[in-house]
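Engineer: got a sequence here, can you build the structure:
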Amino acid sequence: MIVTLTPAPAIDWTIEVDSFELGAVNRAVRSSREPSGKGVNVSWALHRAGVPTRAVFPAGGCTGELMAGVLSEAGLEHVIVDTGRDVRTNITLISPGCSTKLNDRGTALSEEQTTRLREAIIGASVGASVVLICGSLPAGAPATFVRNMVRTLKASGVDVVVDVSGEALELALAARPDLIKPNVDELAELAGRQLGTLGDVATAAEEARDRGAGAVLASLGADGALLVDGEGVLYARATDIPFVNSVGAGDALLAGFFGGGQTRQERLATAMLWASSAVAHHTTLFPIREDLAERIAVHELTTPEQLLAEPSAALARVKGQ
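Structural biologist: Numbers count the residues shown, from 1 in each chain. Prediction:
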């Protein structure tokens, strides 16, 4: 069982247009709403692939009822901490060759609700193989929340993965999470400097490991992903992937890493396949495109020359993975 925790869930509202002009009337050609948030997205992907998962998140109001109904109908196991308040709605506007994201602020949690969320994830993680803590913290939740959860869960013998950013990530490293999954901007912030090559990314990832992370899975947007662990540096890249929507691709990458494969090469290849499938689909509820597997390459980076030679266009401001 793979358990996900999403402290700040959302309703994802995706709107697609044939063209878009600011200040004009634009008409949608397609629209959808679905339960979302980083951990929820991971659980969605795992569940749709037949991998046992349980999603834990706070929610309330009409949107909480919507999320519970949709997840129950889909058969996705979930635990909701009732806040009595609606969750945020995030809007994704898809226009030809581009996706634009508007993220609302997360619903604040009281101290009592934060405590109940902590108790819920502890209870939900009994018997789990791994717990993934994903996404931003809502107002009211202290920055130490993730660090404390990592310590508690690891003390019970559960592996813990952290996909957060900023101060919460900085503090979480002290609790020694088994894996962190920053995007290139989050890793640059953690390192305190810009990252211009894959070698820079690998060095920053090693520094994060020195500070407590067991492994680093860094998403690089259009340039793929880098896995840095005790066995070295592994690089995956996909080419000629049809672009529709980049939102949720990083969540798909993380889900795929835990969704299949025995070796680290197989797991990273699966992660890249799921992320590519997400990019090629209109919403976060993507089908896995097995036909894209032949466009994915995974190899070890073992020399400084390889690290410096690899292109990294994504490091020039590809965000949101």
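Engineer: quick one: the helices in the stretch 101-250 of the chain?
Structural biologist: For the stretch 101-250 of the chain, the helices defined by DSSP state H, counting those that start in this stretch occupy 111-124, 145-155, 166-172, 184-191, 198-210, 249-257.
Engineer: same for whichever strand or helix holds Thr89, what does it pack against?
Structural biologist: In this structure, Thr89 is located in strand 88-95 according to DSSP states H and E. Here strand 88-95 touches strand 10-17, strand 98-102, going by 3 or more C-beta pairs under 8 Å, 6 or more residues apart in numbering; DSSP states H and E. Bear in mind the C-beta positions are built from the backbone N, C-alpha and C, glycine included.
Engineer: for the residue most central in space within the chain, which non-adjacent residue is closest in space?
Structural biologist: Residue closest to the mean C-alpha point of the chain, counted by C-alpha atoms, centre = their mean, is Asp251 at 3.0 Å. Nearest residue to Asp251, sequence neighbours excluded (C-beta to C-beta, 6 or more residues apart in numbering): Asn41, at 3.8 Å.
Engineer: re the thing from before, how far off centre is the strand holding Thr89?
Structural biologist: 17 Å (C-alpha atoms, centre = their mean, to the nearest Å).
Engineer: mind putting the helices and strands packed on strand 88-95 in a markdown table, mean neighbour count included?
Structural biologist: Formatted as a markdown table, the helices and strands packed on strand 88-95 follow (neighbours: other C-beta atoms under 10 Å):
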| stretch | mean neighbour count |
| --- | --- |
| strand 10-17 | 21 |
| strand 98-102 | 14 |
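Engineer: worst average pLDDT in these?
Structural biologist: For these, mean pLDDT drops lowest on strand 98-102, to a mean of 83.
Engineer: helix 249-257 and that one, what's the angle between them?
Structural biologist: With axes from the mean of the first three to the mean of the last three C-alpha atoms, to 10 degrees defining the directions, strand 98-102 sits at 100 degrees from helix 249-257.
Engineer: got the angle for strand 98-102 vs strand 88-95?
Structural biologist: Put simply, strand 98-102 runs at 160 degrees to strand 88-95, going by the same axes, to 10 degrees.
Engineer: quick one: strand 98-102 to strand 10-17, angle?
Structural biologist: Going by the same axes, to 10 degrees, strand 98-102 makes 140 degrees with strand 10-17.
Engineer: which of the residues in stretch 56-64 are buried?
Structural biologist: Residues of stretch 56-64 classed as buried: 56-60, 63-64 (neighbour count, 16 or more other C-beta atoms under 10 Å).
Engineer: quick check, Gly64 in contact with Asp82.
Structural biologist: Yes. Checked against C-beta atoms under 8 Å, the pair Gly64 and Asp82 is within contact range at 7.0 Å.
Engineer: pLDDT weak spots in the protein?
Structural biologist: Within the chain, the ranges that satisfy pLDDT under 70 run 303-321.
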